[in-house]
Structures are given as C-alpha cells and as structure tokens.
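**Q** got a predicted structure here, sequence first:
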Amino acid sequence: MQSECLSKMKRKRKVIQISPDELFKTFENESIEDCFIASDNITDIVTLDRIGKENILHFPFRSNEVIVLVCTGGSLKAKLETRDFVLEKNVLLAILPNRIFEITEYSSDFRSIAFILKTSFWDKKESFSEAMELQQHFLNEGGMKLTENCMKETLAIYRLIKNRIAEKGLFSRQIIQQYVNVLFYNAYAILQQKNRQETAEKPPAKEFVFEQFIRLVERNYRERREIGFYADKLHVTAKYLSALIRSASGKTAAQWIREYLTIEAKMLLKSGKMSVQQVSNELNFHDQSHFGVFFKKQVGCSPKVYQKM
C-alpha cells in the first residue's frame, strides 16, 4: 500500500508541459491568430483532458508561452520554480516561458484575468532594455502590486481586448499589440517608481555606479564582454567594479553581461526569423561553435535544441 501511494505521488509530481495546441484549442474563442489569449478563467489554463479540474492543485506545469495573471478577487497560492507566491487582489503575476508553475491553493471567490502570449506576438526590439528590467524583476520577485488607477486601466484594456478578439476585424492583432504595449509600460512605470524609492533609502554611490554599469551593458554587451572595458568607462579597476556590482546586486559584472547575452539569444532564437548562425553573427561571437558552447553552458542545451523546444 505504501509503495502504491509513493508511486502515485511520483506520477503526480511529473511536470505537465502545456502545449500551444492545447492552449489555443481550449481558448479558441478567446484568442487571436493562435498567438494571444485573453481570458477570465485561470483554471482553464491548467485544466487539460488528462488532468481534470478537480486535480489541478499541486500539479507542476510548464508552458512555452508568457502567462500574465492579474487577480481581481479572492486569493491564489502558487509555487513558481522553488518560490512561494500569494496572488491577491490587484497583484500581477508573470510566468515566463519554461518556468515550472504549481497552484497549491485558491479561495472559492478567487477571480482573475489572464493574458497568454507567444514570445513572437510582441516585438520588444524598441523597448529591449525596459523588457530586460521587467523580466529580471519577475525572475526575482514574480509578482507586482498594481496601483488602483493602474488596475482600473488594466481592466478597461482587458475589456477592449476582449471586444477586439470577438470582432476579429481588420488590424485586430496590431491594435491588441498596442493595448499590450500600454500594459507593459504601466508595469514598467511601477517598477521604476519602486526602484527610485529603494535607491532613495540606500547609499547613492554604490547604486549610482551599478545603474551606470547596467546602462553601459545595455548599449555594449553585443560587442564588449570584457570587464576591463566597463571598468575603464566608469574610471575604476576591474576588480573593484566586480566587487561593487556583486555587493549592489548579488551578481558579478560578468554574470550580468552573460545574462543580457543569453536573454537576447533566447529571444532571437525563438523569433523564428534567424538561424543559429545568424544569431551567432548578430551577437558578435567568433563563430557558431563558440556561440554554441556559450549558450549550452548558460541554458543547458544547444541553440538548435532550444529553438525547437
């Protein structure tokens, strides 16, 4: 009996990969061009024929899409990778692609709206640095508390998006992309305000150098990866810069540079517009082999394998 229970527990802990086909079949009437979904029923996201709604608790899921949840009532407890989160009213939770997500508990009055989008739906080139900052926030913190005004605007935009999806008129995708852009910059504005408040509470010198370093990395990481280049620009030694960046952020300067490279490499590979060789050239690697070694070390698989995931 005990071995049978253990066997069931092991089966239950298996990560369920939510495929795009399953998602867009489930949300057929709430999606557009099989690349964007807007829904107010979170349980449908993880209710698949092989699971059933009564069993969605404590099932680990993973999706290739970006899932954004905004709680409008009640509460939901979840585990994102190894961290626990509580989704309450006016809180936004972003689940980035390929992250393991598990619902552990939700109240009977829990309500939310959900946006699900493929990474190719929204072109982030014009707002790459802002997207990087938000992505880093959601990787570290998971959630974000929305202001009352921002919440009202989010709900209004949600209704506008739903109307566009229902109508499926001309340029619906482009119009919805602009609505998503507004939501993105609202979230980015909240993040910037939070960063300013935190900076005001900390000694400015360290934070100032860190901020200048990040700005330099954003402009130069494709061509310049050596710490000495950034140290010279900031008029400090490479050793001092690495120690300061680690003290300010918990990561070394080299880790930040590699992270920027890795995230853009992932974005370019998943865009479907470039080959591995072209991505390698775009990011100024010596050759495709060097790019492959770098990418596998950072991500755990080769660029070709990641592109097909």
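**A** Looks like it came in fine.

**Q** list the buried residues in the helix or strand Y179 falls within.
**A** Y179 is part of helix 172-200 when elements are defined by DSSP states H and E. Of the residues in helix 172-200, 172, 175-177, 179-180, 183-184, 186-188, 190-191 count as buried by neighbour count, 16 or more other C-beta atoms under 10 Å. (Glycine included, C-beta is placed from N, CA and C.)

**Q** ditto for stretch 92-105
**A** Buried residues in stretch 92-105, counted by 16+ other C-beta under 10 Å: L92, L93, A94, I95, L96, R99, F101, E102, I103.

**Q** dump those to JSON lines, plus pLDDT and secondary structure.
**A** Shown next, in JSON lines, are these (pLDDT from 0 to 100; DSSP: H, G, I helix; E, B strand; the rest coil):
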{"residue": "L92", "pLDDT": "94", "secondary structure": "strand"}
{"residue": "L93", "pLDDT": "90", "secondary structure": "strand"}
{"residue": "A94", "pLDDT": "89", "secondary structure": "strand"}
{"residue": "I95", "pLDDT": "87", "secondary structure": "strand"}
{"residue": "L96", "pLDDT": "85", "secondary structure": "coil"}
{"residue": "R99", "pLDDT": "84", "secondary structure": "coil"}
{"residue": "F101", "pLDDT": "85", "secondary structure": "strand"}
{"residue": "E102", "pLDDT": "85", "secondary structure": "strand"}
{"residue": "I103", "pLDDT": "86", "secondary structure": "strand"}
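
**Q** tabulate those residues (CSV), appending distance to M144.
**A** Compiled in CSV, the buried residues of stretch 92-105 are given as follows (distance: C-beta to C-beta, whole Å):
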residue, distance to M144
L92, 5
L93, 8
A94, 8
I95, 13
L96, 13
R99, 16
F101, 16
E102, 20
I103, 19
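
**Q** turn the buried residues of helix 172-200 into TSV, including distance to L244 and pLDDT.
**A** Shown next, in TSV, are those (distance: C-beta to C-beta, whole Å; pLDDT from 0 to 100):
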residue	distance to L244	pLDDT
S172	48	91
I175	45	94
I176	43	94
Q177	39	92
Y179	40	94
V180	36	92
L183	35	92
F184	31	91
N186	32	92
A187	29	91
Y188	26	90
I190	27	92
L191	22	88
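
**Q** widest-spaced pair of those residues?
**A** Using C-beta to C-beta, the pair of the buried residues of helix 172-200 lying farthest apart is S172 and L191, separated by 28.8 Å.

**Q** run through the stretch 101-250 of the chain and note the low-pLDDT ranges.
**A** 123-126, 129, 198-204 (pLDDT under 70).

**Q** the host helix or strand of G292 packs against which elements?
**A** If you go by DSSP H and E, G292 is part of helix 288-299. Under the contact definition 3 or more C-beta pairs under 8 Å, 6 or more residues apart in numbering; DSSP states H and E, helix 288-299 sits against helix 253-270, helix 276-282, helix 303-308.

**Q** name the stretch among those that sits most buried.
**A** Of all the helices and strands packed on helix 288-299, helix 253-270 has the most neighbours on average by mean count of other C-beta atoms under 10 Å, namely a mean of 19.

**Q** what angle do helix 288-299 and it make with each other?
**A** Interaxial angle, helix 253-270 versus helix 288-299 (axes from the mean of the first three to the mean of the last three C-alpha atoms, to 10 degrees): 110 degrees.

**Q** report the mean per-residue pLDDT for helix 253-270.
**A** Helix 253-270 shows a mean pLDDT of 87.

**Q** what does it rub up against?
**A** 97, 119-120, 124, 128, 132, 135-136, 213-214, 217-218, 221-222, 225, 227, 230, 241-242, 245-246, 249, 251, 274, 276, 279, 282-283, 291, 294-295, 298-299, 303, 306-307 (C-beta atoms under 8 Å, 6 or more residues apart in numbering).

**Q** likewise stretch 220-240?
**A** 209, 212-213, 216-217, 241-242, 244, 253-254, 257, 260-261, 264, 282-284.

**Q** roughly how far apart are the residue nearest in space to the middle of the chain and C150?
**A** Nearest to the geometric centre of the chain sits L96, at 3.2 Å (C-alpha atoms, centre = their mean). Distance of L96 to C150, computed by C-beta to C-beta, to the nearest Å: 21 Å.
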